[in-house]
Structures are given as C-alpha cells and as structure tokens.
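> Whatever this is, show me its structure:
(one chain, ligands or ions: 1)
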Amino acid sequence: MLSEAKHPRLWWNFQLVFRFFPRQRRGQNDKGRKNDLGNNSSIGRSIKMMKESNKNRLLTFVLAVLMTGFVLTFSCGRKSEVHEEEKIEVVVTIPPLAEFVENVGEDKVEVTVMVPPGASPHTYEPTSSQLKKVSQAKIYVKVGSGVEFELTWMDKLIGINKDMMVVNSSQGIDVMGNDPHVWLSPLNAKTMVENICNGLIRIDPENEEYYVKNKSQYLQELTELDDYIRERLEEIENKKFLVYHPSWGYFAKEYGLKQIPIEQAGKEPSAKEIKDVVEKAKKHNIKVVFVSPQLSTKSAEVIAKEIGGQTMSIDPIAQSYIPNMRIVIEKLTPAMR
Ligand SMILES: [Zn+2]
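Okay, here's the model as predicted:
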C-alpha cells in the first residue's frame, strides 16, 4: 500500500515521522551515556535509566502512532487529488505511436518508447530500465503489423506484465505482405489513432469525452496533412523515387507513387542488384537516393554517385509525425520532378 510511486505524499509523511523519532531517541541515549561517565554508574542507577529509556521509547511509540494516524487522516482526505495527478503509464514500440498516444491522452498519459529515435525497429533490443517500465505499464500499444522488435519481444513483454492491456494499433489495416511500415500512410495513422483512443477509453472510461475530443482534433490535423500531400503531388508526373530501405510502401500506395528499393529483403544488395537499380534510376531520370537516419548508407552512396545524384535523409520513425511528413513531402516532390 505504501509504495513511494503510488502515494508519494503519504510516503514522505511516513519518512518524516520515522526519521524524526529515532533522532530523538538517540539524543536521550547520548545523555544517558554522559551521566554514566560522570557518576561512576551504579547498577541501581542503570536500571532506573533503563526504565526511563523504556518509558521514553513507549512515549515515542505512542506519539508516532498518534502522528501516523493524523498523517493518514490528513493524506486520505486529499486522496482524490493524489489520484488525479496519477498518469496512465503507456509503453509504445516506436516514436510515432508515442505521438499518437500523447495527442489523444495529453496530460493523462505518460508514454515510454521502446525503440528510441535513431534506433532501428528491425534490430533494437530493450534495456533493463525499459523492461521495468513495461512491468509498471497499464497499456502497451504495439504497431501490430509485423515489426521485428514486436515479433521478437512481444511475448516476453507480456510475460513480465500479464495485467497490461495490449492495443494493436494496426487493427483494421490491411498489412501488405511482410512490410510492417503501416504508419507512414496518414490514413493508416488515422486508424491507429482510433485504436489508441478506444484503448484509453477501455482503461479509463471516466475520461471518454476528453479522449474523444482530443482524438477528433488530431484526426482533423491528419486530414489536413493528407490534403496537403495530395495537393503537393498533383503536378508530379514522374512518380518514382529511389530508397535504400523500403519503408515507404504504404505511403507510395496511398498517393499513387512507386518506391524503388535498393535493399532487397532486408539485406545489402548484390553487385548485380546495384547495377539493376542504377539502370532503373537512369531510365526514370532519378537523381536522389533516399536514406533513413537509422541505417548505413554505403551502397546508397555508391548508387548516388553512379547516377550522378545525391543521397537525402528522410525519417520513417520520427516522433513528430505530422511535421516530419511535411518535411518528407518537401524533399520528395522536387526529387520526383
Ligand atoms: Zn523499416
């Protein structure tokens, strides 16, 4: 009951009571020792002092009980306030999911991301402090589309917190083959936000109205993003773009584009595959090789050199989803002209 995490105020009150009284007792004993030294203590005197010391201990104990009772009454009177401050602990796999959860839950949630910015969800392994967060979480929001991290770790994570609700944010989205990058279509993002909102309402039905209101506002922003992307792509005729890691399949499908990947089935391309890609790029007059900040760009640079172009970085798992997608479209459209 009295864990520091759950009842911080109560915990500190207890700490105060128990820190204060042992010091008092120590003071009493010190005095006793001084008397002993000064008076060549007799047995009778010692017994008397022991009795006094016991009396003091009893007094201390009674006082402690009284004060604890007072503290408990006082703290429990403020119980509702303490509970209001408690946030729903949510763990998510990748940063864009943190953005979605925070936009729906706002100040009622505290989000932990498993695969941090800059790491790859295809290879990342959680730290012990992240596992501790999982053990305390109320909700885990997974991508649910076959991200390697989840394929490897999900069962273990559920194993350390069986009470945790697992929300599959991709529920209702058609997963294309073994391409897990569903979130990069803003329309899929809308579905994911809906699933997250439903999860929060299931855990915290009292605040349904709050979550629904926040969700509607964020969905509106996603609609505006979608409109903006379509508008920007209207005049593009060459709808092909070259990427190192094929993260952008759902994005491409949504907007009638075609991504040409360099990496083949998650592996560095062979010399022949590089040659094929270079030919394709030359044929379509492509001058930019898109890379992501999470992956090595060696063969991407080789290809960029071959086609007389350059590499450019676009981030598939940036947390600030909407601003990031705007940056992506700013970089993508000139490259496809
Ligand atoms: Zn990927």
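
> average pLDDT across stretch 286-296?
The predicted model gives stretch 286-296 an average pLDDT of 90.

> nope, stretch 191-202 is what I was after
Averaging pLDDT along stretch 191-202 yields 98.

> send the alpha carbons of that stretch over as CSV?
Output of stretch 191-202 as CSV, limited to C-alpha atoms (Å, rounded to 0.1, in the frame of the first residue of the first chain):
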residue,chain,number,x,y,z
THR,A,191,-7.0,4.2,-37.9
MET,A,192,-4.1,3.8,-35.4
VAL,A,193,-5.2,6.9,-33.5
GLU,A,194,-8.8,5.5,-33.4
ASN,A,195,-7.5,2.2,-32.0
ILE,A,196,-5.4,4.0,-29.4
CYS,A,197,-8.3,6.2,-28.4
ASN,A,198,-10.5,3.0,-27.9
GLY,A,199,-7.8,1.5,-25.7
LEU,A,200,-7.5,4.6,-23.5
ILE,A,201,-11.3,4.7,-23.1
ARG,A,202,-11.3,1.0,-22.1
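
> Can you point out the buried residues in that stretch?
Residues of stretch 191-202 classed as buried under the neighbour-count rule (16 or more other CB atoms under 10 Å) are 191, 192, 193, 194, 195, 196, 197, 198, 199, 200, 201. From N, CA and C alone the C-beta is placed, and that goes for glycine too.

> Centre of the chain to it, how far?
With CA atoms, centre = their mean, to the nearest Å as the basis, the distance from the averaged C-alpha position of stretch 191-202 to the chain average is 16 Å.

> So what touches it?
By CB atoms under 8 Å, 6 or more residues apart in numbering, the residues outside stretch 191-202 that reach it are 88, 97, 100-101, 103-105, 108-109, 139, 141, 165, 167-173, 182-183, 207-208, 211-212, 214-215, 218-219, 222.

> show me where this structure has strands.
88-92, 109-113, 139-142, 165-168, 240-243, 258-261, 288-291, 310-313 (DSSP state E).

> Mean neighbour count and distance to residue 282 for these - can I get that in JSON lines?
Putting the strands of the chain into JSON lines (neighbours: other CB atoms under 10 Å; distance: least, CB to CB, whole Å) gives the following:
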{"stretch": "strand 88-92", "mean neighbour count": "24", "distance to residue 282": "41"}
{"stretch": "strand 109-113", "mean neighbour count": "20", "distance to residue 282": "40"}
{"stretch": "strand 139-142", "mean neighbour count": "24", "distance to residue 282": "41"}
{"stretch": "strand 165-168", "mean neighbour count": "18", "distance to residue 282": "42"}
{"stretch": "strand 240-243", "mean neighbour count": "24", "distance to residue 282": "11"}
{"stretch": "strand 258-261", "mean neighbour count": "17", "distance to residue 282": "12"}
{"stretch": "strand 288-291", "mean neighbour count": "24", "distance to residue 282": "13"}
{"stretch": "strand 310-313", "mean neighbour count": "16", "distance to residue 282": "15"}
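
> Now, the buried residues of stretch 191-202 that are in helices?
Using DSSP state H, the subset of these located in helices is 191, 192, 193, 194, 195, 196, 197, 198, 199, 200, 201.

> Now do the same contact list for the residue lying closest to residue 143 once chain neighbours are set aside.
When the adjacent residues along the chain are set aside, residue 143 lies closest to residue 93, with 5.3 Å between them (CB to CB, 6 or more residues apart in numbering). Residues counted as contacts of residue 93 (CB under 8 Å, 6+ apart) are 113, 114, 115, 121, 141, 142, 143, 147, 149, 150.

> count of neighbours near the last one?
Spelled out, that is residue 150. Residue crowding around residue 150 was assessed by other CB atoms under 10 Å; the count is 22.

> Might one say that it is in contact with residue 140?
No - Residue 150 is beyond contact range of residue 140, at 9.6 Å (criterion: CB atoms under 8 Å).

> Thanks again, I'm all set now.
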